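1. Whatever this is, show me its structure:
(chains A, B, C and D)
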There are 2 protein chains.
Amino acid sequence: MIKLEKIKSTPIPTLKRLTRYLSVIHQLKESKTDYISSTEIANIMGLDPIQVRKDLEFTGISGFPRLGFKIDDLHFAIKEILNWNNTEDAFLVGAGSLGQAILGYDRFKSCGLKIIAGFDINPELIGKKISNIEIYHINKIPNLIKRLNVKIGIICVPASSAQDVVDLMVDNGILALWNFAPIHVNVPSDIIIENAQLSQSLGILTHKLAEKIKAY
Amino acid sequence: MIKLEKIKSTPIPTLKRLTRYLSVIHQLKESKTDYISSTEIANIMGLDPIQVRKDLEFTGISGFPRLGFKIDDLHFAIKEILNWNNTEDAFLVGAGSLGQAILGYDRFKSCGLKIIAGFDINPELIGKKISNIEIYHINKIPNLIKRLNVKIGIICVPASSAQDVVDLMVDNGILALWNFAPIHVNVPSDIIIENAQLSQSLGILTHKLAEKIKAY
DNA sequence: TAGATTGTTAATCGATTAACAATC
DNA sequence: TAGATTGTTAATCGATTAACAATC
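-> Sure thing, here's the model as predicted:
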């Protein structure tokens, strides 16, 4: 009888840690070492070595007893899981201060993301180039999503217009949304949505700080 | 024999969802309704009603059978858990484009955060006001942290200088750090660090998108 | 060889989900 | 009253941690 192997997909907590390992590994690539062990990564980041090993399993590459993992292989394999070895085109909507900061953020290029156009309704912005990316009027979105086959939309508009912009992009075939608007938006179940939600991160910080201060 | 009640602290996943409920509740406050049930919140956000109820337990307030929870009370109680009813002063270091976007982001005021000064090393920025917040030279940090008793530091410097800035702030008594630099930084175990890590969020998105495209 | 590390299998822990009585 | 919802206790699920044999 054929045993079907259960393919277990990478858990979200593992994905999050993998991106963090990547930045540590990236730094170590500069140094002379060829290998890195899960123990070393764990020590640097203050994590459990067993957890690191378990996470690295999902990359599918195997290490060498006594040596660890080949840094270059590990680096490549993690980028592969995140799909950062490929580049996806993206549209950014809302070229306010946060939008402009993201347009100018070089780093995303090494994270598989290429923002190829920005959109806004502010006439002063339309036609301008920000960090060499042209800003169009929002009403160009339907046409351009289809023509350029763009799959990722980045939402940097105010909370009040976020749902409308999301609907517009979804209706025109966007597949994934990265939402920076501080609000819950509804999307059909087959659309990928990832909330950057700065306030979520801030909430954890202020909560912990309050606990800490209370403890005195 | 006295039974000591085990006080269970709010789990991180619950805290994250609580901040999201807050934004939904905030919108509903405008509407006429006085009460909201966990079922309604769950429907709006596409979550399990049981999970919402469980999360709301941590606020300590009790609901009314058949009605749900008083919106105002719930709103207040969630802000209380996050410590968003108080305001903490914060310093922001690195007034580049991301730093400037954060300095201008009004929303954090309602999240218990008040950025009272910015820091940079760029002479063109020092002395300037950005969104009405003055930018000082980084060498003013030690003196000012102590004098103003600031507890929160926001790191918006490039990866290459993040660790140095973190060390400087920790050495001078900062208690909590909100790190936007795309790098792992080391802090003593008693210092709270929260990584905003946009790339982590992006990694999840690009991974999911790749899985989705593969599935075709 | 000795020892450090991997890789696998099992145990534990905690969060999510389920079940159901209590309440208005 | 009937019915929707809360709140509590139990069951399930999945992630983390532990244990240990295999490897170079």
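
2. For residue A:104, which non-adjacent residue is spatially closest?
-> By the measure of Cβ to Cβ, 6 or more residues apart in numbering or on different chains, the closest residue to residue A:104 outside its immediate chain neighbours is residue A:131, 4.0 Å from it. Quick note: C-beta positions are derived from backbone N, CA and C, even for glycine.

3. likewise residue A:83?
-> Nearest-residue entry for residue A:83: residue B:210, 3.6 Å, with adjacent residues in sequence omitted and distances by Cβ to Cβ, 6+ apart.

4. What count of nearby residues applies to the residue nearest to residue A:104?
-> The criterion is other Cβ atoms under 10 Å in any protein chain shown. On that basis, residue A:131 has 14 neighbouring residues.

5. unless I'm mixing things up, it is touching residue A:103, no?
-> Yes. Residue A:131 is in contact with residue A:103 according to Cβ atoms under 8 Å; the separation is 4.7 Å.

6. tell me, what's touching those two both at once?
-> Listed as contacting both residue A:131 and residue A:103 by Cβ atoms under 8 Å, 6 or more residues apart in numbering or on different chains is no residue at all.

7. near chain B at all, the top strand by length along chain A?
-> Ranked by residue count and defined by DSSP state E, the top strand of chain A is strand A:113-120. Yes. Shown here: strand A:113-120 in contact with chain B (Cβ under 8 Å from any Cβ of the partner chain) through residue A:113.

8. so how many other residues sit close to the residue of chain A found nearest DNA strand D?
-> Using Cβ to the nearest atom of the strand, the single residue of chain A nearest to DNA strand D is residue A:65, 2.8 Å away. By the measure other Cβ under 10 Å, the count of residues near residue A:65 is 6.

9. What's the separation between it and residue B:123?
-> Applying Cβ to Cβ, to the nearest Å, one obtains 54 Å for the distance of residue A:65 from residue B:123.

10. Distance check, the spatially closest residue to residue A:53 that is not a sequence neighbour against residue A:67.
-> On the basis of Cβ to Cβ, 6+ apart, the spatially nearest residue to residue A:53 that is not a chain neighbour turns out to be residue A:38, at 4.2 Å. When Cβ to Cβ is applied, the distance between residue A:38 and residue A:67 equals 11 Å.

11. which of the two has more neighbours?
-> For residue A:38 and residue A:67, the more surrounded residue by other Cβ under 10 Å is residue A:38, and the numbers stand at 23 against 11.

12. mind checking pLDDT for that one?
-> In this prediction, residue A:38 carries a pLDDT score of 97.

13. With residue A:216 instead?
-> The confidence metric pLDDT takes the value 77 at residue A:216.

14. Count the neighbours of it for me.
-> Around residue A:216 sit 4 other residues, with neighbours defined as other Cβ under 10 Å.

15. Please apply the same query to residue A:192.
-> Count around residue A:192 with other Cβ under 10 Å applied: 20.

16. For it, list each beta-bridge partner.
-> Beta bridges link residue A:192 to residue A:176, judged by DSSP bridges.

17. pretty sure it is touching residue B:210, no?
-> No. At 10.3 Å, residue A:192 does not count as touching residue B:210 under the criterion of Cβ under 8 Å.

18. which residues touch the nearest residue to residue A:171 once chain neighbours are set aside?
-> Sequence neighbours aside, residue A:142 is the residue nearest to residue A:171 in space, at 7.7 Å (criterion: Cβ to Cβ, 6+ apart). Contacts for residue A:142 (Cβ under 8 Å, 6+ apart) come out as A:168, A:171-172.

19. Much appreciated, bye for now.
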